[in-house]
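**Student:** need a 3D model of the sequence below.
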Amino acid sequence: MAFKGSVQKVTNDFWAPVLLTLQISLAAAVIAGCTGIAAAAAMHKTSFKGKLLAETAFMLPLFLPPTVVGFLLLILLGKGKNFGLHVLFTKEAAVCASVVVAFPLMYMAAKTGFSAVSEDVQEAARIDGARELQVFSRILLPLAAKALTAGLVLSFLRAMGEFGATLMVAGNIPGKTQTVATAVYTAMETGNTGMAALWASTLILVSFLLFLIVRMLEKS
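**Tutor:** Take a look at the predicted model:
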């Protein structure tokens, strides 16, 4: 009975951060997907003073150290207390951190996909009476579908591997905010290399398969 209880505990300890990581990554990919596509669509046909600055700001989280991103989010989310929002050290905080670091990848993929769509096709639709919303929904989105799908997968992968910013704003609370990345860190700190290897192998396998999908989309 003791052996069975130990096995069950190890199983629960393994799956808790894995399932939480998948939940957070999926939520972050959906949010980054919607905001990234919207931002790319807005920038696609517009030209205004400060556009370069805006696009630079969009891409900045991709190059900043995760701890710096986490520090900025810590300040921003901390101010939410003034409005009755207690987000820090919750699953929602982990999602926020993941969205911020995943957004640049989605924006870049969407922008590339939209730019590849022929202007002649879009103009022909306008001549036929299509409104801008129809051009976007019936031409831009379908023709850029591969790039958008790749962006969503990459956003999911980036969110799944997030560590520094998540640790700062969500902590590393087992069963509540502990993701695979932070769980591996804790396991190594406590000398539990076997569990760390198991989590790391799972993350590597999932990442490999998903990135393979992205590569296949590029080749198709």
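**Student:** quick one: contacts for Thr193?
**Tutor:** Ala187 (Cβ atoms under 8 Å, 6 or more residues apart in numbering). Backbone N, C-alpha and C define where each C-beta goes, glycine included.
**Student:** now for the helix or strand of the chain with the lowest mean pLDDT, which elements pack on it?
**Tutor:** Counting by mean pLDDT, DSSP states H and E, the chain has its least confident helix or strand at helix 2-44, which shows a mean of 84. Applying 3 or more Cβ pairs under 8 Å, 6 or more residues apart in numbering; DSSP states H and E, one finds that helix 2-44 contacts helix 51-59, helix 91-115, helix 145-160, helix 180-189, helix 193-219.
**Student:** rerun that using 10 Å as the cut-off
**Tutor:** helix 51-59, helix 91-115, helix 145-160, helix 164-170, helix 180-189, helix 193-219 (3 or more Cβ pairs under 10 Å, 6 or more residues apart in numbering; DSSP states H and E).
**Student:** redo the ones you listed as JSON lines? Include distance to Leu20.
**Tutor:** Putting these into JSON lines (distance: least, Cβ to Cβ, whole Å) gives the following:
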{"stretch": "helix 51-59", "distance to Leu20": "28"}
{"stretch": "helix 91-115", "distance to Leu20": "7"}
{"stretch": "helix 145-160", "distance to Leu20": "11"}
{"stretch": "helix 164-170", "distance to Leu20": "10"}
{"stretch": "helix 180-189", "distance to Leu20": "8"}
{"stretch": "helix 193-219", "distance to Leu20": "12"}
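**Student:** rewinding a little: centre of the chain versus the least confident helix or strand of the chain, how much separation?
**Tutor:** 10 Å (Cα atoms, centre = their mean, to the nearest Å).
**Student:** tell me the angle that helix makes with helix 91-115.
**Tutor:** Interaxial angle of helix 2-44 relative to helix 91-115 (axes from the mean of the first three to the mean of the last three Cα atoms, to 10 degrees): 40 degrees.
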